[in-house]
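Engineer: Sequence and computational prediction follow.
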Amino acid sequence: MWSSAGGNGQTRRVFGVLIRIDSVTKRYPDGTVAVDRLSLDIPDRSITVLVGPSGCGKTTTLRMINRMVEPTEGAILIDGVDSRQQPVNSLRRSMGYVIQNAGLFQHRTIVDNIATVPRLLGWSKDRARARARELMERVGLDASFAKRYPYQLSGGQQQRVGVARALAADPPVLLMDEPFSAVDPVVRKGLQDELLRIQEELGKTIVFVTHDIDEAVKLGTMVAVLRTGGRLAQFAPPAELLSEPADEFVEDFLGADRGIRRLSFFSSAELELLTAPIVAVDSTAEQITAKVTADVPYLLVTGLDGRPLGWSEPDALTAGQIDAGRLLSYGRPFVAGQDSLRAALDCAVLSPTGWAVAVDAEGRATGVASQAAIADAIRGAHAAGRQEGRERQEEQPAGETVSKAVR
Ligand SMILES: Nc1ncnc2c1ncn2[C@@H]1O[C@H](COP(=O)(O)OP(=O)(O)OP(=O)(O)O)[C@@H](O)[C@H]1O
């Protein structure tokens with residue numbers, strides 16, 4: 001067992017390899033090689049994303065895992081057992097399957113759509129429906145939707161039903177094929193966040209196909225980048241992908257800003273915060289004067305509850321009583337230790353003073369950081385990340401590679 005990437009700043013646990021794709025090739029009858037000698041170790045209880053351009057073999061790979069497509073060569077091992085030795089029906093029951101546009105049965109109510117697999121397994125109607133209602137709550141669907149039909153739901157709501165249906169028989173594995181591609185970006189973000197939360201709660205092993213690299217980086221504990229012809233270009237945790245793309249293809253596929261996006265994986269916990277430039281709104285002129293040093297071009301004024309009110313030049317404060325209405329905006333603060341260095345940098349860039357304001361979970365100011373301090377922290381995090389990557393690669397067998405992430 002080892003620690004792994006956390007899509008929302010949490011450290012996730014990865015327990016071992018659940019699905020081993022061992023030198024698998026798929027050649028369709030017309031001669032198309034969709035997947036070419038692909039080997040991947042898919043870790044247990046985490047999200048592995050298959051990403052790549054259209055036609056690179058993502059769906060074929062996913063379908064080979066539940067034997068909707070049979071490999072031409074190579075083997076797929078589930079928990080160490082060759083999938084060909086398992087009856088297809090029981091194999092598929094152990095793997096929930098979610099597709100784009102949800103693929104719901106239009107003539108069945110939402111509750112009965114979700115209850116489909118439990119009913120097939122012989123559960124009574126009442127028990128299957130009770131399970132379906134429990135899952136509706138888990139995926140964030142209002143109970144009042146239970147008796148509606150799919151056409152009476154929005155696209156995003158239908159996708160939630162699709163996820164609930166796949167989870168109904170509590171399979172250890174979820175296979176998801178571009179499940180969120182057909183919804184708008186805002187709904188999509190909500191569905192992604194929900195999936196991370198569900199994964200965190202339920203500890204499923206999820207194999208997720210997308211052509212969207214941002215989605216892959218956000219969701220993946222591990223990301224497999226495939227190139228046309230179904231060949232593996234790189235298999236790595238997202239932070240490593242961003243910092244060390246294996247070749248030009250991966251680099252191009254990652255797109256612009258990968259340096260900035262990489263900062264999402266660095267915690268702000270090590271960032272050095274200054275508390276000296278913080279003054280309470282009821283401070284006396286003497287107290288304010290005592291805070292002023294050459295290093296502090298601005299003072300952050302906080303309310304009596306400790307929350308930031310705004311920035312001021314020291315001179316404007318030492319002259320007399322603090323007028324909260326005349327302060328410069330402090331912009332958007334970051335939560336120290338919880339948010340990433342990307343968030344801290346964003347705060348500094350947007351701040352009228354160039355300094356970022358750190359707060360605790362209750363929103364009380366805990367310190368401020370200059371852009372220079374954030375740049376130092378970024379250099380430190382890069383060095384630590386490189387070292388961690390080297391150590392992990394030395395310690396772990398190929399494929400069993402994961403690293404820490406913070407968003
Ligand atoms: N049944 C089939 N017969 C012949 N060729 C096929 C078949 N299914 C898929 N292919 C081909 O295999 C290749 C890989 O297809 P696949 O659907 O796995 O790619 P993909 O990466 O999921 O693509 P997309 O992102 O466009 O969905 C493509 O060239 C496709 O045309």
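Structural biologist: Now that the structure is in, tell me what you want to look at.
Engineer: dump the residue contacts of the closest residue to residue 57 other than its chain neighbours.
Structural biologist: Distances taken as Cβ to Cβ, 6 or more residues apart in numbering put residue 230 closest to residue 57, at 3.1 Å, once the chain neighbours are dropped. For the C-beta atoms, the positions are set from N, CA and C on the backbone; glycine is no exception. By Cβ atoms under 8 Å, 6 or more residues apart in numbering, the contact list for residue 230 reads 25-26, 33-36, 38, 56-57, 60-61.
Engineer: so which of these are also by the ligand?
Structural biologist: For the ligand, the contacts drawn from those by Cβ under 6 Å from any ligand atom are 34, 56-57, 60.
Engineer: Out of those residues, name the ones that lie in strands.
Structural biologist: residue 34 (DSSP state E).
Engineer: Enumerate the residues of the protein near the ligand.
Structural biologist: Counting by Cβ under 6 Å from any ligand atom, the chain sits next to the ligand at 28, 30, 32, 34, 52, 54-60, 211.
Engineer: Max pairwise distance over those: which two?
Structural biologist: Largest separation among the residues of the chain next to the ligand by Cβ to Cβ: 30 and 211, giving 22.9 Å.
Engineer: of these two, who's got more company?
Structural biologist: residue 211 (17 against 5; other Cβ atoms under 10 Å).
Engineer: How about the contacts made by the more buried one?
Structural biologist: Counting by Cβ under 8 Å, 6+ apart, residue 211 makes contact with 51-54, 58, 178, 181.
Engineer: Output stretch 233-242 as PDB, nothing but the C-alphas.
Structural biologist: Extracted C-alpha coordinates of stretch 233-242, given in PDB (Å, rounded to 0.1, in the frame of the first residue of the first chain):
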ATOM      1  CA  ALA A 233       2.900   7.400 -24.600                       C
ATOM      2  CA  GLN A 234       3.200   7.800 -20.800                       C
ATOM      3  CA  PHE A 235       1.700   6.400 -17.600                       C
ATOM      4  CA  ALA A 236       2.300   8.600 -14.600                       C
ATOM      5  CA  PRO A 237       0.600  10.600 -11.800                       C
ATOM      6  CA  PRO A 238      -0.700  13.900 -13.200                       C
ATOM      7  CA  ALA A 239       1.900  16.000 -11.400                       C
ATOM      8  CA  GLU A 240       4.700  14.000 -13.000                       C
ATOM      9  CA  LEU A 241       3.000  14.200 -16.400                       C
ATOM     10  CA  LEU A 242       2.900  18.000 -16.100                       C
END
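Engineer: what about it, distance to the chain center?
Structural biologist: Counting by Cα atoms, centre = their mean, to the nearest Å, stretch 233-242 is centred 14 Å from the centre of its parent chain.
Engineer: Stretch 376-392 too?
Structural biologist: Average the C-alpha atoms of stretch 376-392, do the same for its chain, and the two points are 21 Å apart (Cα atoms, centre = their mean).
Engineer: circling back: which ones among the contacts of residue 230 map onto helices?
Structural biologist: Counting by DSSP state H, the contacts of residue 230 place 60-61 in helices.
Engineer: so, if you compare the contacts of residue 230, which one comes nearest to residue 301?
Structural biologist: Of the contacts of residue 230, the one sitting nearest to residue 301 (Cβ to Cβ) turns out to be residue 56, at 54.6 Å.
Engineer: can you pull the contacts of residue 370?
Structural biologist: 274, 348, 354-356.
Engineer: Looking at those, which is nearest residue 113?
Structural biologist: residue 356 (47.1 Å).
Engineer: right, and that closest one touches residue 368 too?
Structural biologist: Yes - counting by Cβ atoms under 8 Å, residue 356 touches residue 368, with 6.7 Å between them.
Engineer: This completes my enquiry, with thanks.
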